[in-house]
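>>> when you get a sec, could you give me coordinates for this:
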Amino acid sequence: MSLESDNFIYLQREVTVTRTDLLPGRVLWTNGDMVAAEVDVVTFPDVEGKKVAILFEDGRRFVMQEAVVEGVIDREAADERSYDELSRMDLDQDSRTIVLVVKRIGEPVLAESRECFRVRTVPLKLTVSFGKCAECELTDISQTGFAVLSDEFFEAKSIVDAALPGKDGIVVQGHVRIRSVRRLRNGRYRYGVAVFGRGMQKVCASMATELQRQMIRRTGTVGGS
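All right, here's what the predicted structure looks like:
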């Protein structure tokens, strides 16, 4: 499928960095090769003329296409975003967004290192054990880590106990290292973590792959209904 308004995409600020450095955005409009997407002003400063990459679902394929930033528009949000939309874009209700306008270059190609793509899990309403909380909301997961919402505060680079659901209902316990901390307006914290240890790495990879399949099937079902 071609990009349409309200589609979610991921932007890669540097085409040379790993696929894990992806920033979520929401398409506002398209016009030929031009795409305008709403993104968080904090994570995407003014970079006119800079080459980036956009990643998106094209039917049942996850593809990448290079693009050049044409301009940045600083303005109010286009509309009242839902909770799912705010979560998928890593925003809270009071976050300030900008509109990033890019011009696509060439044709989309299958994204390499697809296993590193972050699967947004908010629509699935999943929870994991994190710190002292037995049911923290899981917001995304990749083969190397995940993100959760928690009321507890931890410093960046802290090592935290965690547990993920494995196959056949077996819970795999281990440790994660906090890579990023973001305090939300509601007082909660969003943590991005990296897993380590063979057991945690294996279950994280397995969950990411399976949930990615579920989300693709979900997208296909919604799009075909």
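>>> and the residue of the chain most remote from its centre, helix, strand or coil?
Relative to the C-alpha centroid of the chain, counting by Cα atoms, centre = their mean, Asp168 is the outermost residue, at 27.1 Å. The assignment at Asp168 comes out as helix when based on DSSP: H, G, I helix; E, B strand; the rest coil.
>>> quick check: it vs Met200, distance?
In this view, Asp168 and Met200 are 17 Å apart by Cβ to Cβ, to the nearest Å. Every residue, glycine included, has its C-beta placed from N, CA and C.
>>> likewise Gly32?
Distance, Gly32 to Met200, by Cβ to Cβ: 45 Å.
>>> got a list of what the residue farthest from the centre of the chain touches?
Residues near Asp168 by Cβ atoms under 8 Å, 6 or more residues apart in numbering: none.
>>> tell me the secondary structure at the closest residue to Ala37 other than its chain neighbours.
Taking Cβ to Cβ, 6 or more residues apart in numbering, and ignoring the residues beside it in sequence, Ala37 has Gly25 as its nearest neighbour in space, at 3.9 Å. The three-state label given to Gly25 by three-state DSSP is strand.
>>> going along the chain, name the strands of the chain.
Remark: strands assigned in the chain by DSSP state E are 8-12, 23-31, 34-40, 51-58, 61-74, 97-104, 109-110, 119-120, 127-130, 133-141, 145-150, 159-165, 171-183, 189-196.
>>> out of the helices and strands in this structure, which is least certain?
Every helix and strand of the chain was ranked by mean pLDDT, DSSP states H and E. The lowest is helix 83-88, at a mean of 61.
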